[in-house]
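Enquirer: give me a model of this one.
(chains A and B)
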Amino acid sequence: MNSINVQGLSKSFGTVEALKNVTLTIEENKIYGLLGRNGAGKTTLLNSINNRIFPTSGEILFGEKSVIENEDVQRNFFFVGEQLLFPENMNAKKAIRWTKEFYPHFDEDYAKELMSLFEVPIKKKVKSLSTGYKTIFKNIIALSVNVPFVFLDEPVLGLDANHRELFYKALLEKYSNSPSTYVISTHLIEEVANIVEDVIIIKKGEILRAQSRDSLLETGYSVTGMANLVDQFCQDKEVIGLDALGGIKSAYIIGEKPRETVDGLDISTMDLQKLFVKMTNA
Amino acid sequence: MDNYQEKPIFLQIAETIEDGIITGAYPEESQVPSITEFSIIYKINPATANKGVNILVDEGILFKKRGVGMFVAKGAVSQLKQKRKKDFFEVYIERMIKEAKKLGVTSTDIIGMIERGFIDE
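Expert: Numbers count the residues shown, from 1 in each chain, chains lettered A, B, ... in the order given. Down below sits the predicted model:
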């Protein structure tokens, strides 16, 4: 099986550089979290890989082959974005059949099972479903297509807490039973922090981090205590953020967490969301 | 399990299973849930669940039967209790003393509290 190799990818819209020299590998059978602030370039990256837009420069390869304008390669990918790719007047039931035409491994029974689990009104026209149900519908198709690479752009946008939980469980069940790669772009970092294996952080069009979640979490920690003690501790450290409340200060530091305790300081690991926020501020 | 705790999730999974074994929820020689089940229930990546389970496999607490699943080893309960007793000092006593010193609680005070705690239980 092949991985996706993005090499020196840049994309400009007019004078705006949405992606700057992005190099990245997306491996098979892994769940990725694609994290970035609004406008960081997440969707542009996904659109490029899925041949919805043309790169300004650089290459995207699947194995040896370019993914651009290559239908044979694109058959291995499924992308759920904001756009709805179904004919306007189709109801969910018909849309399922329609998808099967394009994706021969599409599991119709499984899709129907999920539709009833999520209580999707399948007789309604897809375009007239509520925002939440439109998203759920697209996610269900994505979980049923059985292609090696699935890209989900904001898959829980507009979903209530119950449906989000149901979606994460369905995703994990599907992934456990028949692994594919899932690249999930989301702002709800806490919710996916334990679900993803690898994390890609994109900031202003550039890749800031692309590594396993576990190794990423080991690269930062926080220190809290009396301001003067914290300042002293931080002297030779790479500080990416500070919070102060009265005489108490917290510093967020990039580096390996010290093994020894320091008197008067509370040293703790950062969770993914905190690390992300501190890394991508400003 | 608390997903927002300090410890890495794979260690929390291992501890959750250990607790299940010690309390008898997963008796010796019985089957424990699969990686997939742990993954779905705790909403964690299967690779993470696997990492947690493998710690216990390496320690001989769990063993895998090919094509069947994972089982609790015979003698796992006493093995785990031994291990937990060893950790007891570090996990509970050291932290307690640190807090006590911060508050000015003496060792005599602490011993008194411990004795009272045992009676109340």
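
Enquirer: which ones are touching the residue in the stretch 101-250 of chain A that chain B sits nearest to?
Expert: Chain B sits closest to A:S176 of the stretch 101-250 of chain A, with a gap of 3.9 Å, by Cβ to the nearest Cβ. Quick note: C-beta positions are derived from backbone N, CA and C, even for glycine. Going by Cβ atoms under 8 Å, 6 or more residues apart in numbering or on different chains, A:S176 touches B:I35, B:T36, B:S39, B:I40, B:P46.

Enquirer: what's the residue of chain B found nearest chain A in contact with, if anything?
Expert: For chain B and chain A, the shortest gap (Cβ to the nearest Cβ) falls at B:T36, measuring 3.9 Å. Neighbouring residues of B:T36 by Cβ under 8 Å, 6+ apart: A:L172, A:E173, A:S176, A:N177, B:P46.

Enquirer: same check, this time on A:L61
Expert: A:I4, A:N5, A:Q7, A:V67.

Enquirer: give me the number of residues near B:F71?
Expert: By other Cβ atoms under 10 Å in any protein chain shown, 17 other residues sit near B:F71.

Enquirer: surely it is in contact with B:Q31?
Expert: Yes - contact criterion Cβ atoms under 8 Å: B:F71 and B:Q31 qualify, at 5.4 Å.

Enquirer: the residue nearest the centre of chain B: which element?
Expert: Centroid-nearest residue in chain B, with Cα atoms, centre = their mean: B:E15, separated by 3.1 Å. Here B:E15 sits within helix B:9-23, counting by DSSP states H and E.

Enquirer: which elements pack onto that helix?
Expert: In terms of contacts (3 or more Cβ pairs under 8 Å, 6 or more residues apart in numbering or on different chains; DSSP states H and E), helix B:9-23 is packed against helix B:35-42, helix B:46-58, helix B:76-88.

Enquirer: buried residues, it. List them.
Expert: Across helix B:9-23, burial judged by 16 or more other Cβ atoms under 10 Å in any protein chain shown covers B:I9, B:F10, B:Q12, B:I13, B:A14, B:E15, B:I17, B:E18, B:I21.

Enquirer: is any part of the helix or strand following it close to chain A?
Expert: Scanning forward in sequence from helix B:9-23 by DSSP H and E, the next helix or strand is strand B:31-32. No - contact between strand B:31-32 and chain A is absent, the nearest approach being 15.8 Å (criterion: Cβ under 8 Å from any Cβ of the partner chain).

Enquirer: report the strands that pair with strand B:31-32, each with its relative direction.
Expert: In the sheet, strand B:31-32 lines up against strand B:69-72 (antiparallel) (DSSP bridges).

Enquirer: need the contact list for the residue lying farthest from the centre of chain B.
Expert: In chain B, the residue that sits farthest from the middle, by Cα atoms, centre = their mean, is B:G104; the gap is 30.9 Å. For B:G104, the contact set (Cβ under 8 Å, 6+ apart) is empty.

Enquirer: model confidence for it, exactly?
Expert: On pLDDT, B:G104 comes in at 94.

Enquirer: also B:P33?
Expert: Reading off the confidence values, B:P33 has pLDDT 95.

Enquirer: show me which residues of chain A sit near chain B.
Expert: A:31, A:165, A:168-169, A:172-173, A:175-177, A:193-197, A:213-214, A:217, A:268-269, A:271.
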